[in-house]
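Asker: A structural model of the following input is requested.
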Amino acid sequence: QVQLVESGGGLVQAGGSLRLSCVTSGRTFGNYAMGWFRQAPGKEREFVAAISWNGGSTYYADSVKGRFTISRDNAKNTVSLQMNSLKSEDTAVYYCARGATGSALYSSPRLYATWGQGTQVTVSS
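Answerer: So this is what the prediction gives:
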């Protein structure tokens, strides 16, 4: 069974940076697109960023474009999210998720089958 484990969350001041990582078990990591989502209290889970199986394509929510960067290292079964210029509205639990094979990238959480347990990011203003 595939497992995803996120790390790197924490408390940071507005304008600061954090780097989230997600390590995936199994030998098929490089076959799948990966995504990052977030969920704030009382809100629905929302898409943040996605990356294709080989890292050649990326896709970002408008709210994070230009501030966040998604990347992956298939040799280490790891996908990362570099978050810069953080704002209070970025406060949420962040989840990584495994998407589909192929080159298409999706923002709907329904198209991601496997999820990590989440890591809390809190941005103080």
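Asker: residues in contact with the spatially most central residue of the chain?
Answerer: With distances taken as CA atoms, centre = their mean, the residue of the chain nearest its centroid is residue 36 (2.2 Å). Contacts for residue 36 (CB atoms under 8 Å, 6 or more residues apart in numbering) come out as 20, 22, 48, 49, 50, 70, 79, 81, 94, 95, 96, 97. The C-beta positions use only the backbone N, C-alpha and C, and glycine is treated the same way.
Asker: next, format these as JSON lines and append pLDDT, secondary structure and neighbour count.
Answerer: As requested, these are exported to JSON lines (pLDDT from 0 to 100; DSSP: H, G, I helix; E, B strand; the rest coil; neighbours: other CB atoms under 10 Å):
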{"residue": "20", "pLDDT": "98", "secondary structure": "strand", "neighbour count": "23"}
{"residue": "22", "pLDDT": "98", "secondary structure": "strand", "neighbour count": "25"}
{"residue": "48", "pLDDT": "98", "secondary structure": "strand", "neighbour count": "25"}
{"residue": "49", "pLDDT": "98", "secondary structure": "strand", "neighbour count": "26"}
{"residue": "50", "pLDDT": "97", "secondary structure": "strand", "neighbour count": "25"}
{"residue": "70", "pLDDT": "98", "secondary structure": "strand", "neighbour count": "22"}
{"residue": "79", "pLDDT": "98", "secondary structure": "strand", "neighbour count": "30"}
{"residue": "81", "pLDDT": "98", "secondary structure": "strand", "neighbour count": "26"}
{"residue": "94", "pLDDT": "98", "secondary structure": "strand", "neighbour count": "23"}
{"residue": "95", "pLDDT": "98", "secondary structure": "strand", "neighbour count": "23"}
{"residue": "96", "pLDDT": "98", "secondary structure": "strand", "neighbour count": "30"}
{"residue": "97", "pLDDT": "97", "secondary structure": "strand", "neighbour count": "23"}
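Asker: strands along the protein, start to end?
Answerer: 4-7, 10-13, 18-24, 32-39, 46-51, 58-60, 68-73, 78-83, 92-101, 114-115, 119-124 (DSSP state E).
Asker: please name the bridge partners of the residue nearest to the centre of the chain.
Answerer: With DSSP bridges as the criterion, residue 36 is bridged to residue 49, residue 96.
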